[in-house]
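> Sequence and computational prediction follow.
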Amino acid sequence: MGFPDRIERTVDLAHPPSKVWAALTTAEGLSGWFGNDAAIDLRPGGAAQMSWPDEPVANMRIERVEEPSVFGFTWRVDGMPEDDPRRTYVEFTLEPTPQGTRLTVVETGFAQLPAGNHRAGYDSHVEGWARELGELAGYLDAA
């Protein structure tokens, strides 16, 4: 069996899709749960950037925007050089439910990484998505 290429997480949120969409696709929303500072040009081909204290800036390229149901971007994997052209693709899918929104996040592209970076990058993103989706839920509950 080969190394996993995909991380998928689903969370049910007690908030309408419009509120979840804003948390995912605005600088205010992203800086409230995902990074300390954020900027985003919400259009395919647009750039987004997130930063944290004492960590490298995450530069993203917006790939897909289908308001209010699908948002996707590419970004560099942890541990890879800044100038490495390989990126993973992250896609958020929002589905309305009677209780709010079912949010699914899928990140793919880990198989393209060199063997030494594959496990480290994959593991850090598995851990990161579990933490970040918890922070998203907390942000939405507090807002």
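Received the coordinates, thanks. Numbering: from 1, shown residues only.
> Counting by contacts, list what the lengthiest helix in the chain packs against.
Across the chain, the longest stretch assigned as helix under DSSP state H is helix 115-142. Contacts defined by 3 or more CB pairs under 8 Å, 6 or more residues apart in numbering; DSSP states H and E place helix 115-142 against strand 6-13, helix 17-25, helix 27-33, strand 100-108. Yep, even glycine has a C-beta here, placed from its N, CA and C like the rest.
> quick one: buried residues of that helix?
Buried residues in helix 115-142, defined by neighbour count with 16 or more other CB atoms under 10 Å: Asn117, His118, Gly121, Tyr122, His125, Trp129, Glu132, Leu133, Leu136, Ala137, Tyr139, Leu140.
> now do stretch 14-34
15, 17, 19-25, 27, 29-34.
> just those now: which is nearest Ala48?
Ala48 lies nearest to Leu30 out of these, by CB to CB, at 7.6 Å.
> Find the residue closest to that closest one in space, skipping its chain neighbours.
Nearest non-adjacent residue to Leu30, counting by CB to CB, 6 or more residues apart in numbering: Ala38, 3.7 Å away.
> again, but for Thr26
Ile40 (6.8 Å).
> you'd agree that neighbour is up against Gly46?
Yes. In this structure, Ile40 is within contact of Gly46 by CB atoms under 8 Å, at 7.1 Å.
> Can you tell me the closest non-neighbouring residue to Val126?
Distances taken as CB to CB, 6+ apart put Ile7 closest to Val126, at 5.5 Å, once the chain neighbours are dropped.
> And for that neighbour, the neighbour number?
By other CB atoms under 10 Å, 20 other residues sit near Ile7.
> What separation is there between it and Asp41?
Ile7 is 25 Å from Asp41, where distance means CB to CB, to the nearest Å.
> Quick check, central residue of the chain?
Val90 (5.5 Å; CA atoms, centre = their mean).
> and that residue, what pLDDT?
On pLDDT, Val90 comes in at 97.
> Touching stretch 120-136 from outside, list them.
3-4, 7, 9, 11, 13, 23, 33-34, 77-80, 88, 103, 105, 107, 110, 113 (CB atoms under 8 Å, 6 or more residues apart in numbering).
> wait, stretch 62-80
Stretch 62-80 is contacted from outside by 17-18, 21, 24-25, 40-48, 58-61, 82, 84, 86-95, 109-110, 113, 117, 120-121, 124-125, using CB under 8 Å, 6+ apart.
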